[in-house]
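[1] could you look at this predicted model? Sequence included:
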Amino acid sequence: MPHPRLTFHGAAGAVTGSCFRLETDQGQILIDCGMFQGSKTEKELNYRPFPFAPKAIAAVILSHAHIDHSGLLPKLVRHGFTGTIHATPATTDLAGVMLPDSAHIQEIEVEQFNRRAARRNRDRVEPIYDSEDVDACLSLFRQHDLNDWFVVLPGLRARFWN
């Protein structure tokens, strides 16, 4: 590949679901992996398969912990991502609260949906991810202080700054 390629997989034409894939000769990374929020139609996007192979992603740079930037990281892990998630200490701490809460909310909403579906003889659904996926996801976080350069992939560096 002669030049890096950036593909928008969310937050394009909307303000939710931030997810950008950067493809380089050294590998693929994501900048954010956020949940779609808002209308029912937008929320349904969270259940679709990723438009890329999660196993092919080498790393994630997480800009901040808001769910529309971090909320699909456990789903990414559930579907095969095993790379590093780079974040600041503050982002890591907040994600450690927000992602388990997100899994809990999904489990409750899916349980309610499935009760209604059973009464209407409809198929059950599964949560996008669960607490085990969140635990596996949080184990992949690596912290970097603001303004400190770090290697994302060989030949690709990044830093967090305000």
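    Nice, I can see it.

[2] show me what the helix or strand bottoming out on mean pLDDT in the chain is packed up against.
    None of the helices or strands of the chain scores lower by mean pLDDT, DSSP states H and E than helix 40-44, at a mean of 87. Contacts defined by 3 or more Cβ pairs under 8 Å, 6 or more residues apart in numbering; DSSP states H and E place helix 40-44 against no helix or strand at all. Glycine gets a C-beta too; all of them are placed from N, C-alpha and C.

[3] run through who's touching it.
    The contact list for helix 40-44 (Cβ atoms under 8 Å, 6 or more residues apart in numbering) reads 14, 16-17, 36-37.

[4] mind listing what's buried in that helix?
    By neighbour count on 16 or more other Cβ atoms under 10 Å, the buried set for helix 40-44 is residue 43.

[5] same check, this time on stretch 71-82
    71-78, 81.

[6] do stretch 83-94 as well
    By 16+ other Cβ under 10 Å, the buried positions in stretch 83-94 come out as 83-88, 91-92, 94.

[7] which residues of the chain fall in helices?
    40-44, 67-70, 73-78, 89-119, 131-138 (DSSP state H).

[8] among those helices, which comes closest to residue 25?
    Residue 25 sits nearest to helix 73-78 of all the helices of the chain, at 22.4 Å, using Cβ to Cβ.

[9] could you check how far residue 84 is from residue 136?
    Taking Cβ to Cβ, to the nearest Å as the measure, residue 84 falls 13 Å from residue 136.

[10] ugh, typo on my part, it should be residue 59
    From residue 59 over to residue 136 (counting by Cβ to Cβ), the distance is 16 Å.

[11] more crowded one of those two?
    The neighbour comparison of residue 59 against residue 136 (other Cβ atoms under 10 Å) goes to residue 59, with 22 against 15.

[12] residues contacting that one?
    Residues in contact with residue 59 (Cβ under 8 Å, 6+ apart) are 27, 29-30, 83-86, 152-153.

[13] understood, closing this out.
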